[in-house]
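Participant: coords please:
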Amino acid sequence: MKRIVTALEKLTVGIGYAASVLIVPLILATCYEVFARYAFGSPTIWAFELGYSVMGVHFLLGAALTLQRGGHIRIDVLYGNFKPKTKATIDLFFYVIFLLPFLTIVSYWMLSYAFDSFVSGERTGQSAWNPVIWPFRIMISSAIALLTVQTIAEILKCVMTLRHADDQAEEA
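Facilitator: Numbers count the residues shown, from 1 in each chain. Sure thing, here's the model as predicted:
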């Protein structure tokens, strides 16, 4: 089980770090837009759409890495005082009862949404640039799938923690 968790977490870290480079085109496009708008009085037709699309993908691709590192919101006043077994039990409950079903439903919904966009050739309709939207929706679907995979890794880590705690209790 530990090998599976290690492999899943390596995937999460690799994709998370690869996604971090998306910030570069986002910064460049934003800087170019500001410069073109205020220096030349000639705003672009593409920077806004590129910006929010890349930011959405960047944000969601980082969600799995944030989950792996324990960076999502918790009520630390209570949670921080719990023993590892209690933390694992609470996490396991919320991952299995809430997060995994939610992500499974959203993954399915988003993948069908991306497929429909691809088949229909749907475009954003937000500007004169009007790019096709399916590449961004596929990336968002992939990011949600990665978050689902990392949730499975977190569930396995909780199970390993609970098993390890039970083994230690038997030895004592």
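
Participant: so what's the residue count around V34?
Facilitator: V34 has 12 neighbours, counted by other C-beta atoms under 10 Å. (Each C-beta comes from the backbone N, C-alpha and C, glycine too.)

Participant: three-state assignment of it?
Facilitator: Under the three-state scheme (DSSP: H, G, I helix; E, B strand; the rest coil), V34 adopts helix.

Participant: next: D91.
Facilitator: Per three-state DSSP, the secondary structure class of D91 is helix.

Participant: list the contacts of the closest residue to it other than its chain neighbours.
Facilitator: Once flanking residues are discounted, D91 sits nearest to C158: 5.1 Å by C-beta to C-beta, 6 or more residues apart in numbering. C158 sits next to 88-89, 91-92, 95 when contact means C-beta atoms under 8 Å, 6 or more residues apart in numbering.

Participant: which stretch of helix or strand covers C158?
Facilitator: helix 134-171 (DSSP states H and E).

Participant: ok but P43 is inside a helix, no?
Facilitator: No. Going by three-state DSSP, the assignment for P43 is coil, not a helix.

Participant: just how off-centre is the helix-or-strand element of the chain with minimal mean pLDDT within its chain?
Facilitator: Least confident helix or strand, the chain: helix 76-79 with a mean of 83, by mean pLDDT, DSSP states H and E. Computed by C-alpha atoms, centre = their mean, to the nearest Å, the chain-centroid distance of helix 76-79 equals 24 Å.

Participant: pLDDT below threshold where in the protein?
Facilitator: The model of the chain has pLDDT under 70 over residues 166-172.

Participant: try it again with 50
Facilitator: Counting by pLDDT under 50, the ranges of the chain that qualify are 172.

Participant: L103: which of the contacts of C158 is nearest?
Facilitator: The shortest approach to L103 among the contacts of C158 belongs to Y95, at 9.6 Å (C-beta to C-beta).

Participant: tell me the contacts of the closest one?
Facilitator: Y95 sits next to 151, 154-155, 158 when contact means C-beta under 8 Å, 6+ apart.
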